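Novice: give me a model of this one.
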Amino acid sequence: MKKCNKCLQVESKDLFYKRKDQKDGFATICKQCDKDQHSSPEARERKNKARREKHKENSEVRNSKRREQYKNPDVKAKIKEEHAKYYANNKDHVIQKSKKYAENNPDKRKQYSKKHKNNNRESISERQRIYHQANSAKINARIRIWKSENIHLVNASHAQRRASKLQATPSWANQLAIKEIYKLAELKTKETGIPHHVDHYYPLRGKLVSGLHNEFNLQVIPASENLRKSNKYHPDQDTNTKAA
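Specialist: Coordinates of the predicted model:
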């Protein structure tokens with residue numbers, strides 16, 4: 001017989017769990033008290049909290065090890081190869097999972113994408129440039145199809161741009177100089193065989209800053225670069241220009 005330290009009842013040892021760390025080899029409370037103790041909402045919350053903390057701790061240790069492993073080029077290449085292989089074999093599952101996460105966490109997804117773009121602006125631009133060069137025909141065909149199916153949107157965009165250009169043209173702008181810049185773009189296109197556009201250094205309808213339509217805000221650049229730049233402006237443009 002054994003006395004339970006919780007309910008204080010003296011019961012048969014069969015009603016106690018075995019514990020090797022106890023002198024008599026049995027737990028200090030009976031099975032029923034042990035069950036009541038672990039089945040209460042407070043007990044479950046304590047267990048869940050402990051489990052979450054343990055999981056967080058293990059994740060931090062695991063991520064730390066992975067970061068150390070990624071410093072080794074061979075290990076990094078091997079891990080990338082394994083990820084690529086897994087993606088190839090489970091493409092639908094991965095895409096579905098990614099979409100579900102994006103739907104359930106729109107703010108997190110948006111914040112991560114913004115941070116990733118800011119931290120990897122040059123690599124993203126380079127990757128886009130390489131893709132455009134390798135798939136220019138495919139991209140142009142897709143653009144032509146879209147334009148043919150959305151003529152009303154194209155016309156509206158052109159009309160809006162013409163209006164913006166008129167509103168952004170100051171009275172002191174040198175129209176002759178502006179025409180010469182457009183002529184230079186046409187000349188460069190003929191000489192190099194590479195399409196060139198006249199680009200507004202500070203976009204007319206930029207999110208961060210908007211410029212004017214005058215000879216000081218125009219530059220001749222390859223069409224691919226202009227299309228990639230679109231109406232975006234980055235503050236480090238001025239720094240890069242001065243450095244050049």
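
Novice: from His132, how far off is the residue most central in space within the chain?
Specialist: With distances taken as C-alpha atoms, centre = their mean, Ser113 lies nearest the centre of the chain, 2.6 Å away. Distance of Ser113 to His132, computed by C-beta to C-beta, to the nearest Å: 20 Å. C-beta: built from backbone N, CA, C; applies to glycine.

Novice: cool, and Asn119?
Specialist: Asn119 sits 22 Å away from His132, going by C-beta to C-beta.

Novice: same question, Glu191
Specialist: For Glu191, the distance to His132 - C-beta to C-beta - is 22 Å.

Novice: those two - which one has more neighbours?
Specialist: Set side by side, Glu191 and His132 show more neighbours around His132, with 16 against 9, by other C-beta atoms under 10 Å.

Novice: I'd like the distance from stretch 35-53 to the chain centre, please.
Specialist: 37 Å (C-alpha atoms, centre = their mean, to the nearest Å).

Novice: no no, stretch 79-86
Specialist: 20 Å.

Novice: same deal with stretch 134-149?
Specialist: In terms of C-alpha atoms, centre = their mean, the centre of stretch 134-149 is set 25 Å apart from its chain centre.

Novice: mind checking how far Arg52 is from Asn58?
Specialist: 11 Å.

Novice: so which elements touch the strand or helix carrying Ala177?
Specialist: Using DSSP states H and E, Ala177 sits in helix 175-192. Under the contact definition 3 or more C-beta pairs under 8 Å, 6 or more residues apart in numbering; DSSP states H and E, helix 175-192 sits against strand 196-200, strand 218-222.

Novice: between strand 196-200 and the last one, find me the angle.
Specialist: Between the axes of strand 218-222 and strand 196-200, defined by axes from the mean of the first three to the mean of the last three C-alpha atoms, to 10 degrees, the angle is 140 degrees.

Novice: what's the domain layout of the protein?
Specialist: 2-39, 170-243 (automatic domain parsing).

Novice: could you identify which of the ones you listed has the lowest mean pLDDT?
Specialist: Here the lowest mean pLDDT among those goes to domain 170-243, at a mean of 80.

Novice: so how far is that one off the chain centroid?
Specialist: 29 Å.

Novice: now the helices for the chain?
Specialist: 31-39, 41-70, 73-89, 91-104, 106-119, 121-134, 136-149, 151-167, 175-192, 223-229, 236-243 (DSSP state H).

Novice: right, and those - which one's nearest Lys20?
Specialist: For these, the distance to Lys20 is smallest for helix 31-39, at 16.0 Å, taking C-beta to C-beta.

Novice: please name the nearest non-neighbouring residue to Cys33.
Specialist: Lys6 (4.1 Å; C-beta to C-beta, 6 or more residues apart in numbering).

Novice: revised request: answer the last question for Val10.
Specialist: Per C-beta to C-beta, 6+ apart, closest to Val10 is Lys3, 4.9 Å.

Novice: and the one you found, how many neighbours?
Specialist: The burial count for Lys3: 13, using other C-beta under 10 Å.

Novice: so how far is Gln167 from it?
Specialist: In terms of C-beta to C-beta, Lys3 sits 92 Å off from Gln167.
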